[in-house]
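1. only the shape, not the letters, is given here:
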């Protein structure tokens, strides 16, 4: 059975308001391509790469990785980032934090984000448990599956996510 984390980026991993603007580092893509031994970094959007590298909250990424490991979650992107970047490009960005192995899909956008998620769940009966982590309130749509962040992902948000997942799995 499959366990899913529907994930937004802005307001969850990328703090809102942004703490700082991404640095202009002309050599970042080259350095990362060399360090990670993946030329794909040289083909990424400079803005996306700089934002993920310099602005995404490191502690939020650590919390996310811990949650994915503990519950064997697959990450499915619900963010508008999924409209601008391919799964391959997003995997490179998540690879900066060793989370690329968990990223499996981007939810097709057919309407409101909550509708997209519910449609995806309906189309995939193999899903055993799922949660949504987003800065948009979705508790009205699916109260037993929604975690709403304030600014970015924090410890209390992860605790709520763990509680919701445990309730679904027992």
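-> That came through, no problem. Quantities reported herein were computed from a predicted structural model and do not represent experimental measurements. Numbers count the residues shown, from 1 in each chain.

2. surely residue 74 meets residue 102?
-> Yes. Contact between residue 74 and residue 102 holds when scored by Cβ atoms under 8 Å: they sit 6.2 Å apart. Bear in mind the C-beta positions are built from the backbone N, C-alpha and C, glycine included.

3. between those two, what contacts are shared?
-> residue 5 (Cβ atoms under 8 Å, 6 or more residues apart in numbering).

4. could you list every helix and strand in contact with whichever strand or helix holds residue 60?
-> In this structure, residue 60 sits in helix 58-71 according to DSSP states H and E. Counting by 3 or more Cβ pairs under 8 Å, 6 or more residues apart in numbering; DSSP states H and E, the packing neighbours recorded for helix 58-71 are strand 2-7, helix 155-169.

5. rerun that using 10 Å as the cut-off
-> If contacts are counted by 3 or more Cβ pairs under 10 Å, 6 or more residues apart in numbering; DSSP states H and E, helix 58-71 sits against strand 2-7, strand 74-77, helix 87-95, strand 127-134, helix 155-169.

6. can you check the pLDDT for residue 98?
-> According to the per-residue confidence, residue 98 scores 97 in pLDDT.

7. give the helix, strand or coil label for it.
-> Applying DSSP: H, G, I helix; E, B strand; the rest coil to residue 98 yields a three-state assignment of coil.

8. run the chain-centre distance for the helix or strand of the chain with the lowest mean pLDDT.
-> Of all the helices and strands that make up the chain, helix 46-50 has the lowest average by mean pLDDT, DSSP states H and E, namely a mean of 91. Mean C-alpha position of helix 46-50 versus that of the full chain (Cα atoms, centre = their mean, to the nearest Å) differs by 16 Å.

9. now do that helix: everything it contacts.
-> Judged by Cβ atoms under 10 Å, 6 or more residues apart in numbering, the contacts made with helix 46-50 from elsewhere in the structure are 21-26, 28-29, 32, 41-44, 81, 84-85, 89-90, 92-93, 96.

10. that older thread, adding distance to residue 143, write the helices and strands packed on helix 58-71 out as CSV.
-> CSV is the format used below for the helices and strands packed on helix 58-71 (distance: least, Cβ to Cβ, whole Å):
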stretch, distance to residue 143
strand 2-7, 15
strand 74-77, 20
helix 87-95, 28
strand 127-134, 11
helix 155-169, 9
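
11. want to throw the ones you listed into a markdown table with mean neighbour count, distance to residue 57 and mean pLDDT?
-> Shown next, in a markdown table, are those (neighbours: other Cβ atoms under 10 Å; distance: least, Cβ to Cβ, whole Å; pLDDT from 0 to 100):
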| stretch | mean neighbour count | distance to residue 57 | mean pLDDT |
| --- | --- | --- | --- |
| strand 2-7 | 22 | 13 | 98 |
| strand 74-77 | 22 | 16 | 98 |
| helix 87-95 | 20 | 14 | 97 |
| strand 127-134 | 22 | 13 | 98 |
| helix 155-169 | 16 | 12 | 98 |
